[in-house]
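Trainee: model this:
(one chain, ligands or ions: 1)
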Amino acid sequence: MSSRLDAARPETAPAETSRFRPAIHFTAKDTWLNDPNGLVFHNGLYHLFFQNNPYGNVWGNMSWGHATSRDLLHWTEHPVAIACDETEDIFSGSVVVDHGNTSGFGAPDSPALVAIYTSAYKAASEHHGTQAQSLAYSADAGMTWQKYAGNPVLTRNSAHFRDPKVFRYQGDQGAYWVMVAVEAQHQKVVLYRSEDLKSWDFLSDFGPANADAGEWECPDLFPLAVDGDPDNVKWVLIVNINPGAVAGGSGGQYFVGHFDGARFVADACSVAVPGGVSALGDSAAAAEALQQCLWLDWGRDCYASVSFSNVPDGRRIIMGWMNNWDYANQLPTTPWRSSMTLAREVRLTAVTGSTRLIQQPVLAGPGGEDLDAVRSPVHSGSFELQDSAFRLPEAVPGRAQIIAAEILPAGAERVTFHLFGNDDGSAGTVLSYNAATAELILDRQRSGDISFHGKFASVESAPLVLEDGALKLQIIIDHCSIEVFAQDGKVVLTDLVFPEQGSVANHLAVTGGPSTIQTLTVTALS
Ligand code: FRU
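Mentor: Numbering: from 1, shown residues only. Next up is the predicted model:
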């Protein structure tokens, strides 16, 4: 971990970075953040705890920052919830609402919130050199926290055992707590069970499989009904990996399978490479195999995604860190650095011969009602484009907006959105559908400031299958990010961009043949 600090360059205080501050993505006011932690819904509030350096804007002094929201779009930051001290850094973990007061930290009529986090022990600790799992609890609905005196509650005497995600499992033998965590350097998810959150018994492990050429981090495991069918419930195991993700550096993969209360077994169709891609070395076969793995996101900037617990109505909502360890400490913003992705509701759907996760950004209330962050859309009617470009309507001054389009590429070779373009067209981010390769490609090589790190300028691609001949895109652009939800959320791609001042033009262009633009909507975000 210390290499992250060593890699951080001294703060150069760029002159003006407030224009990059996102409109609808969470950032800490004036500090560093990484992984979302302890995502939980309680008493009408979504709590977002997060890896935070309270003293700076590079990684270090890891503590849990805290923010709350009623709609997952407007956030209020609170004081640090769980602070590092001379003996431990507070690494990633989760929060549960202990409804049955199994831990004894609350009372039956006022359940405690219990945080299960990784103690990354420092030199002053008797546990120095290990990472182990610890508890903290809150009796005031998450606003203040006490560390449990009996910490750590689970150790393996391992230096890389971390990121516990805990959930309540209800099976034939009753209910108990299940923890998924990682042995990061062995590419293993390890599962434990507990009656009281304090004493844990080993259940099983999973991995390596699929992408394994980096550390496995921040796992999650949850059930979902396939296409909403309660008689066909499958389990999703999320495994984040750094480096070794499909777009390079950090990313999130997932497996679909079965969990019987003790062991997760992945469906054969979600395992592209049973022993793990790294056995194939640095070969073309390995690159090809990586494409076959199931990815939460095909972009460079979606990492450490995990889900909220205790969300009503069986909804499953995930959120990730919109960044990549390749260059995270060097992003050209100050005093804040890094943001979260939008919250995304996930569902499972059957596709030919397989089951896939689909994701939709949460931009409306649970009943579908409009949130006040989302203003009324500007529509364009159906029209043809061929070897020409169309300037998208500007819904409001500013750059935070949702572009939604349904396009029939028909004979076109490429359908391209030029985003954050400048006046002479020499700069911009290029998002295109390539008909010949059936790929969605995002090219940020001329997206603005790419100078802060050699690995930032990049081109990402994702396989994309037209549906009834249609390309369906929802593109959410905020002041320094582009999140693309394609084909109703079957393909998701997230990238940061840092456009030059004044690069605000968005165009749609079609080349190599005609396309019908069936619908095109631009919605401003306040
Ligand atoms: C993932 C991660 C976790 C760890 C935390 C430390 O980004 O490396 O594995 O708990 O960040 O900040």
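Trainee: who's the nearest residue to residue 475 once chain neighbours are set aside bridged to?
Mentor: In space, not counting the residues next to it along the chain, residue 475 is nearest to residue 403; the distance is 4.4 Å by Cβ to Cβ, 6 or more residues apart in numbering. Bear in mind the C-beta positions are built from the backbone N, C-alpha and C, glycine included. Beta-bridge pairing for residue 403 (DSSP bridges): residue 475, residue 522.
Trainee: Neighbours of residue 403, how many?
Mentor: Neighbours of residue 403 under the rule other Cβ atoms under 10 Å: 24.
Trainee: Over to the spatially most central residue of the chain. Which of the three states is it?
Mentor: Closest to where the C-alpha atoms of the chain average out (Cα atoms, centre = their mean) is residue 320, at 2.2 Å. Secondary structure assignment for residue 320 (DSSP: H, G, I helix; E, B strand; the rest coil): strand.
Trainee: Surely it and residue 296 touch.
Mentor: Yes - between residue 320 and residue 296 there is a contact under Cβ atoms under 8 Å: 7.5 Å.
Trainee: Now do the contacts for the residue nearest to residue 475.
Mentor: Residue 403 is in contact with 392, 417, 473, 474, 475, 477, 506, 520, 521, 522, counting by Cβ atoms under 8 Å, 6 or more residues apart in numbering.
Trainee: Quick one: neighbours of the last one, just the number.
Mentor: What that stands for is residue 522. Neighbours of residue 522 (other Cβ under 10 Å): 20.
Trainee: what does the first one give?
Mentor: For residue 392, the number of neighbouring residues by other Cβ under 10 Å comes to 21.
Trainee: Likewise for the fifth one?
Mentor: Summarising burial for residue 475: neighbours were counted as other Cβ under 10 Å, giving 20.
Trainee: got it, and the second one?
Mentor: Look at residue 417: counted by other Cβ under 10 Å, it has 24 neighbours.
Trainee: host element of it?
Mentor: Per DSSP states H and E, residue 417 falls inside strand 414-421.
Trainee: strands paired with that strand, and their directions?
Mentor: Sheet pairing of strand 414-421 (DSSP bridges) gives strand 429-434 (antiparallel), strand 505-525 (antiparallel).
Trainee: ok, of those, where does mean pLDDT dip lowest?
Mentor: Of all these, mean pLDDT reaches its minimum on strand 505-525 (a mean of 91).
Trainee: which of the residues in that one are buried?
Mentor: Neighbour-count burial for strand 505-525, counted by 16 or more other Cβ atoms under 10 Å, picks out 505-511, 515-517, 520-525.
Trainee: of all the residues you listed, which comes closest to residue 29?
Mentor: When the buried residues of strand 505-525 are ranked by distance to residue 29 (Cβ to Cβ), residue 525 comes first, at 20.0 Å.
Trainee: How many residues are close by the nearest residue to the closest one once chain neighbours are set aside?
Mentor: Closest residue to residue 525 apart from its sequence neighbours, by Cβ to Cβ, 6+ apart: residue 400 at 4.0 Å. Look at residue 400: counted by other Cβ under 10 Å, it has 20 neighbours.
Trainee: any idea how far residue 400 lies from the ligand?
Mentor: Relative to the ligand, residue 400 is positioned 26 Å away (Cβ to the nearest ligand atom, to the nearest Å).
Trainee: quick one, helices of the stretch 201-350 of the chain?
Mentor: Along the stretch 201-350 of the chain, the stretches classed as helices by DSSP state H, counting those that start in this stretch are 284-292.
Trainee: For it, which residues are neighbours of the ligand?
Mentor: 217, 218, 304 (Cβ under 6 Å from any ligand atom).
Trainee: And the stretch 1-150 of the chain, by the same measure?
Mentor: 34, 35, 51, 62, 91, 92, 118.
Trainee: Of those residues, which belong to strands?
Mentor: Mapping those onto strands (DSSP state E) picks out 34, 35, 51, 91, 92, 118.
Trainee: ok, and the closest non-adjacent residue to whichever residue of the stretch 251-400 of the chain sits closest to the ligand?
Mentor: The ligand sits closest to residue 304 of the stretch 251-400 of the chain, with a gap of 4.9 Å, by Cβ to the nearest ligand atom. Counting by Cβ to Cβ, 6+ apart, residue 304 lies nearest to residue 35, which is 3.8 Å off, once chain neighbours are set aside.
Trainee: Would you report the backbone torsion angles of residue 185?
Mentor: Note on residue 185: its backbone torsions stand at phi -90, psi -10 [degrees, to the nearest 10].
Trainee: which residues does the residue nearest to the centre of the chain contact?
Mentor: Counting by Cβ under 8 Å, 6+ apart, residue 320 touches 36, 252, 296, 297, 302, 303, 304, 305, 306, 340, 341, 494.
Trainee: To what extent is residue 120 buried, counted in neighbours?
Mentor: Around residue 120 there are 21 residues (other Cβ under 10 Å).
Trainee: host element of the nearest residue to it once chain neighbours are set aside?
Mentor: The shortest distance from residue 120 to any non-neighbouring residue, by Cβ to Cβ, 6+ apart, is to residue 89 (4.2 Å). Taking DSSP H and E as the definition, residue 89 sits inside strand 88-97.
Trainee: Which other helices and strands does that strand contact?
Mentor: Using 3 or more Cβ pairs under 8 Å, 6 or more residues apart in numbering; DSSP states H and E as the contact test, the elements touching strand 88-97 are strand 32-42, strand 45-53, strand 63-69, strand 113-121, strand 131-138, strand 161-171.
Trainee: Take those and write them to TSV, including mean pLDDT.
Mentor: Shown next, in TSV, are the helices and strands packed on strand 88-97 (pLDDT from 0 to 100):
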stretch	mean pLDDT
strand 32-42	98
strand 45-53	98
strand 63-69	98
strand 113-121	98
strand 131-138	98
strand 161-171	98
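Trainee: Nearest approach to residue 481 belongs to which of these?
Mentor: Across those, residue 481 has its closest neighbour in strand 32-42 (14.5 Å, Cβ to Cβ).
Trainee: the inter-axis angle of the closest one versus strand 63-69?
Mentor: Angle between the axes of strand 32-42 and strand 63-69 is 50 degrees (criterion: axes from the mean of the first three to the mean of the last three Cα atoms, to 10 degrees).
Trainee: Could you write out the alpha-carbon coordinates of strand 32-42 in PDB?
Mentor: Taking only C-alpha atoms (Å, rounded to 0.1, in the frame of the first residue of the first chain), the coordinates of strand 32-42 have been written out as PDB:
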ATOM      1  CA  TRP A  32      -8.900  12.500  -1.000                       C
ATOM      2  CA  LEU A  33     -11.300   9.500  -1.400                       C
ATOM      3  CA  ASN A  34     -11.200   6.000  -2.800                       C
ATOM      4  CA  ASP A  35     -13.500   3.000  -2.300                       C
ATOM      5  CA  PRO A  36     -17.100   3.300  -1.200                       C
ATOM      6  CA  ASN A  37     -17.500   1.600   2.200                       C
ATOM      7  CA  GLY A  38     -20.400   0.700   4.400                       C
ATOM      8  CA  LEU A  39     -23.100   1.400   1.900                       C
ATOM      9  CA  VAL A  40     -26.300   1.100   3.800                       C
ATOM     10  CA  PHE A  41     -29.900   2.400   3.700                       C
ATOM     11  CA  HIS A  42     -31.300   3.300   7.100                       C
END
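Trainee: Kind regards, and thank you for your time.
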